[in-house]
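> coordinates only, no sequence provided:
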């Protein structure tokens, strides 16, 4: 009986030493995480980009460089490289995980998509590479 009491006391002592972790987030962070779909559209050019990636919108607003940091020509050049490699990986599902590279991206370098589209597409590629530990080009993805 004494042994049971001692074992119960030790178990209770170990359990009571457990620290409670309470995650505190602001309502802004909660809203950003809830908005997992980023939509970019232009009716005049008849294009639409939907990025459905959990956490991307939060990352875009909290971690990515602000709009205006990169020039549009820089973003267009990098996006051409990223899209080219992305589409190559879509065409080779036996070499690359088809769950990561499901759909090809129709990006025409002769069309001016504007700064916002290029900015968000570029940052999605950076987020994708960092999040899934991929490297699409010879450039190491960094923020």
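Perfect, thanks for sending it. Worth saying up front: this structure is predicted, and the values here are computed from it rather than measured. Numbering: from 1, shown residues only.

> use CA for all of it now, contacts and neighbours both
OK.

> show residues contacting stretch 108-123.
Outside of stretch 108-123, the residues within contact range by CA atoms under 8 Å, 6 or more residues apart in numbering are 40, 60, 64, 67, 72, 75, 76, 78, 79, 80.

> tell me the pLDDT at the residue nearest to the fifth one when sequence neighbours are not counted?
Beyond its immediate neighbours in the sequence, the residue positioned closest to residue 72 (CA to CA, 6 or more residues apart in numbering) is residue 115, lying 5.7 Å away. You'll see residue 115 listed with a pLDDT of 91.

> ditto for residue 127
So residue 127 comes in at 94 (pLDDT).

> now swap in the one 3 residues further on and tell me
Residue 130 is assigned a pLDDT of 93 by the prediction.

> cool, and residue 69?
Here the pLDDT value assigned to residue 69 is 95.

> secondary structure class for it?
coil (DSSP: H, G, I helix; E, B strand; the rest coil).

> start to end distance for stretch 59-75?
This stretch, stretch 59-75, spans 18 Å end to end (CA to CA, to the nearest Å).

> now do the buried residues in it.
60, 64, 72, 75 (16 or more other CA atoms under 10 Å).

> about what we covered before: tell me how far the residue nearest to residue 72 lies from residue 80.
Distance check for residue 115 against residue 80: by CA to CA, it reads 14 Å.
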